[in-house]
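Trainee: Fold the following.
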Amino acid sequence: MNLTSGLIGAETKGPIGWLIWDNPSKVNALSPGMYEDAQTVIDAYIADPAIKVVVMRGSGRKAFISGADIKSFDKTRSSPEAMKASAEAPAKLRRTMLDMEKPLIAMIYGYCLGGGLGMALNADMRFASPDAQFSVPAALRGIAYAPSGLKQLVDLVGPSAAKDIMFSARRLKADEALRIGLINRVVDAEELEANTIAYAEVLAANAPLSMRASKYFINQLGLERSQRDEARMEAMQREAEASEDFKEATRSFVEKRKPNFQGR
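Mentor: Numbering: from 1, shown residues only. Sure, this is the predicted structure:
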C-alpha cells in the first residue's frame, strides 16, 4: 500500500485487517491526507479475500479520533471551492465503508468527537472503553452538520436523542452512549482489544455470504421501499441457498463439527 501522509497505519493479523488513525501529536485529529490513505487501506482490505473483518482504531488510548484538525481549516475551508474539494475524500471514504461487504468494527478508547464520531458511525459496530467520550460540537463551531451523517446518527439513536447531541454539543460518557444505542458494548480498557479481536474472529469464522447479505439487507431496510434494490436482495438470497457454504453448514451440523466456510 502506498500511504503518503504518515498518519495512517495498517496491520493484518490473520483474518483481521486493522486501520489505525495515527496522528498522536494532534490526538488523532483528522488532518489532510488521512482520508486518502484510509481509502487506500480500506480498498486493499476489500480486495483481499484473506481479510474477513476490518477493525479501525486510534493510535494509543487517548483518542479514537478527537475531531477535525481545526488548524487546517484556513486551507481546506478558505472558500466554497476549497470546502467542496476537501469534502470529496471524506464522502468517498464514508460511502466505501458503508458499502463494503465485510464487517467493520470501530474500537474506541477516549475521545470520539466531531468527525471522529462521524467516522465511528460508518462502522457496523462500535466497542468502547469506559473512559470513551462522544460528542458532535457543531453547535460550538457554527457548522451545519451534513444530512448524510445526521441520518446515520438518527438511525442509531432516534430523532430526540440526536437533537440532544446536536443542540447541546455536550459530551456523552460511555455508559450513556451504550444506553441510547450509540455504541454496542463497553469493555474495560485492559480487555477491550482482546475482546474486540475475539469478536472479530467469531465473525471471520462465520459464513461470508450470509453476513454480506445481512449487512446489505439491513442497510436497504433503512431506505424507503421505493429506493430498495429488491431484485438484488432476492438474488443474494438465492446465491446463499445454492452456495457450497450452505451445504457445508448442513454437513458440519450432521457431523457435529465446526463448519469451514469458503465464501462461495
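
Trainee: Name the residues of whichever strand or helix holds D155 that are buried.
Mentor: According to DSSP states H and E, D155 maps onto helix 147-157. Within helix 147-157, the residues that count as buried by 16 or more other CB atoms under 10 Å are G149, L150, Q152, L153, V154, L156, V157. Quick note: C-beta positions are derived from backbone N, CA and C, even for glycine.

Trainee: any idea which of those is closest to E190?
Mentor: For the buried residues of helix 147-157, the residue nearest E190 by CB to CB is L156; the value is 27.0 Å.

Trainee: I figured the closest one hits G181, correct?
Mentor: Yes - under the criterion of CB atoms under 8 Å, L156 makes contact with G181 at 5.5 Å.

Trainee: The closest residue to Q133 other than its chain neighbours: what's it in contact with?
Mentor: Once flanking residues are discounted, Q133 sits nearest to R171: 4.6 Å by CB to CB, 6 or more residues apart in numbering. Counting by CB atoms under 8 Å, 6 or more residues apart in numbering, R171 touches L113, Q133, F134, S135.

Trainee: next one: phi and psi at R171?
Mentor: As for R171, its main-chain torsions (degrees, to the nearest 10) stand at phi -100, psi 130.

Trainee: One more: E241?
Mentor: Backbone torsions for E241, taken as degrees, to the nearest 10, come to phi -60, psi -30.

Trainee: burial of it, as a residue count?
Mentor: Using other CB atoms under 10 Å, E241 has 9 neighbouring residues.

Trainee: With P90 instead?
Mentor: By the measure other CB under 10 Å, the count of residues near P90 is 21.

Trainee: Check the one 5 residues further on too.
Mentor: Using other CB under 10 Å, R95 is surrounded by 12 other residues.

Trainee: coming back round to it: contacting residues around the helix holding D155?
Mentor: Contacts for helix 147-157 (CB under 8 Å, 6+ apart): 91, 94, 118, 121-122, 136, 162, 165-166, 180-182, 222.

Trainee: what pLDDT, on average, does it get?
Mentor: Confidence over helix 147-157 (mean pLDDT, whole number) is 93.

Trainee: Stretch 42-59 now?
Mentor: 97.

Trainee: next one: stretch 3-10
Mentor: Across stretch 3-10, the average pLDDT comes to 95.

Trainee: Can you list the buried residues in that stretch?
Mentor: Within stretch 3-10, the residues that count as buried by 16+ other CB under 10 Å are L3, S5, L7, I8, A10.

Trainee: What about those, which are in strands?
Mentor: Counting by DSSP state E, these place I8, A10 in strands.

Trainee: could the buried residues of stretch 3-10 go into CSV alongside distance to D188?
Mentor: Below are these laid out as CSV (distance: CB to CB, whole Å):
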residue, distance to D188
L3, 32
S5, 32
L7, 28
I8, 27
A10, 27
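
Trainee: K62: which of the buried residues of stretch 3-10 is nearest?
Mentor: Nearest to K62 out of the buried residues of stretch 3-10 is L7 (CB to CB; 15.2 Å).

Trainee: mind checking how far the closest one is from V54?
Mentor: Here L7 is placed at a distance of 18 Å from V54 (CB to CB, to the nearest Å).

Trainee: Repeat that for Y216.
Mentor: Computed as CB to CB, the Y216 to V54 distance reads 16 Å.

Trainee: Just want to know which of those two has more residues nearby.
Mentor: V54 (24 against 16).
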